[in-house]
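A.B. asks: next input, structure requested:
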Amino acid sequence: MRVPAPPGVIEQAAFGDEHADVYELTYRHRGKDWEAEARDVTAIVRERRPAASSLLDVACGTGAHLAEFARHFDRTEGVEIAPAMRRRALDRVPAGTVVHEGDMRTFRLDRRFDAVTCLFTSAAFLPTPADLTTAIGRMGEHLLPGGVLVVEPWYFPETFLDGYLGGDLVRLPDRVVSRVSHSVRRADATHLHVEWTVADATGIRRFTELEVMSLFTREEYLAAFDAAGCDARYHPGWLTGRGLFTAVRRPG
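C.D. replies: Numbering: from 1, shown residues only. Model (predicted):
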C-alpha cells in the first residue's frame, strides 16, 4: 500500500511494477508465509466472532493474504491503492473477489463486514497520527457491530533498530534478485533506502526505493481504535514478531 508523501518528504519510489515483480519473491525467500499468516488471522477472527463469514483486507498488496482468506470466508474483498499491486491481486484471487482501488483513509464501500484486516507494514505508510486515526476510523466504519478489526503495526519508537542493514540474495534458475537496505530514524519515522538488482535473460537492471514509515506509538494506535468505536488489545510477538492489534467494534 502506498500513500502520497506529505509536504517536505521525498515521494516514495516504491510499489510500482518493478517493485511488485520482486517484492513477494524476496520476502518468501526470507521465510514469510502469507498463507500461514492468513490462517492465523482467520483463527483470531473466529475466536472473537465464530460465525464470521465476510472479510475486507485493506492495503491487500499482491493479494497473497486475500487469496487465502477467500478459502475461509464466504465473501472476501480487498482495497489497494497501488495499481501494480492491485493488478497482481486481481490475477491471484478467486473469480468474484473484488479488489477495490482506494486509499485506506478515504475508501468507502456500500457494505460492512464481520472482519477487517490491515497487515504487514501497511499502516506505517500513513504519515501522521491523524492519518492513522482517520484510516482506522474508516476501517471501523466498514465493520458490523461486534466485528473484528486486526491491524499489524510497524515498529514502535522504542523497538526500532536505528541504522539497521538488510540484505537478501535470491537465486532462481531464470533470475537472480538482490536487495540491500539501510534504515535510519529521522524524527518519528523510519527512512528506508533500498537498492535492488535483478538479473535475468534480458540483462541486468537496478532500481532504488526510498520509503518513509511512521513510528507510531502503541498509545497512538490504541487511541485510534478507541476513536473508531473499537475496544482494542495489543498482542506482543504475534504474526511476524512486531505484534498485532485486535479490536472488536462496540455496539451501536
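
A.B. asks: list the helices and strands the host helix or strand of residue 221 packs on?
C.D. replies: For residue 221, the element it lies in under DSSP states H and E is helix 218-227. Here helix 218-227 touches helix 129-141, strand 230-235, strand 244-249, going by 3 or more C-beta pairs under 8 Å, 6 or more residues apart in numbering; DSSP states H and E. For glycine as for every other residue, the C-beta is placed from the backbone atoms N, C-alpha and C.

A.B. asks: do you know which of these lies nearest residue 178?
C.D. replies: Taking C-beta to C-beta, strand 244-249 is the member of the helices and strands packed on helix 218-227 nearest to residue 178, at 30.5 Å.

A.B. asks: could I get the contacting residues of residue 36?
C.D. replies: Not one residue lies near residue 36 by C-beta atoms under 8 Å, 6 or more residues apart in numbering.

A.B. asks: and residue 46, by the same measure?
C.D. replies: By C-beta under 8 Å, 6+ apart, residue 46 lies in contact with residue 52.

A.B. asks: any stretches of this structure with poor pLDDT?
C.D. replies: Counting by pLDDT under 70, the low-confidence segments of the chain come to 1-15.

A.B. asks: all strands for it, in order.
C.D. replies: Along the chain, counting by DSSP state E, strands occupy 54-58, 75-80, 98-101, 113-118, 143-151, 165-172, 175-186, 189-200, 203-214, 230-235, 244-249.

A.B. asks: please work out which of these is packed deepest.
C.D. replies: Neighbour counts (mean count of other C-beta atoms under 10 Å) averaged over each of these peak at strand 54-58, with a mean of 27.

A.B. asks: what angle separates that strand from helix 129-141?
C.D. replies: Counting by axes from the mean of the first three to the mean of the last three C-alpha atoms, to 10 degrees, strand 54-58 lies at 160 degrees to helix 129-141.

A.B. asks: about what we covered before: could you dump the strands of the chain into CSV with distance to residue 69 added?
C.D. replies: Output for the strands of the chain, formatted as CSV (distance: least, C-beta to C-beta, whole Å):
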stretch, distance to residue 69
strand 54-58, 5
strand 75-80, 5
strand 98-101, 12
strand 113-118, 8
strand 143-151, 11
strand 165-172, 26
strand 175-186, 27
strand 189-200, 27
strand 203-214, 24
strand 230-235, 19
strand 244-249, 16
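
A.B. asks: among the ones you listed, which is nearest residue 107?
C.D. replies: Closest of those to residue 107 is strand 75-80, at 5.1 Å (criterion: C-beta to C-beta).

A.B. asks: pull the number of nearby residues for residue 136.
C.D. replies: Neighbour count of residue 136, defined by other C-beta atoms under 10 Å: 30.

A.B. asks: which ones are touching it?
C.D. replies: 123, 149, 151, 221, 224, 225, 227, 228, 230.

A.B. asks: can you list the helices and strands packed on helix 218-227 in JSON lines and add distance to residue 86?
C.D. replies: Shown next, in JSON lines, are these (distance: least, C-beta to C-beta, whole Å):
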{"stretch": "helix 129-141", "distance to residue 86": "18"}
{"stretch": "strand 230-235", "distance to residue 86": "27"}
{"stretch": "strand 244-249", "distance to residue 86": "25"}
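
A.B. asks: so for residue 191, which of these sits nearest?
C.D. replies: Nearest of the helices and strands packed on helix 218-227 (C-beta to C-beta): helix 129-141, 17.5 Å.

A.B. asks: so that closest one versus helix 218-227, what angle?
C.D. replies: Angle of helix 129-141 versus helix 218-227, following the same axes, to 10 degrees, is 40 degrees.

A.B. asks: list the buried residues for helix 129-141?
C.D. replies: Residues of helix 129-141 classed as buried: 129, 131, 132, 133, 134, 135, 136, 137, 138, 139, 140 (neighbour count, 16 or more other C-beta atoms under 10 Å).

A.B. asks: who's in contact with the third one?
C.D. replies: Residues in contact with residue 132 (C-beta under 8 Å, 6+ apart) are 123, 126, 214, 216, 220, 221, 224.
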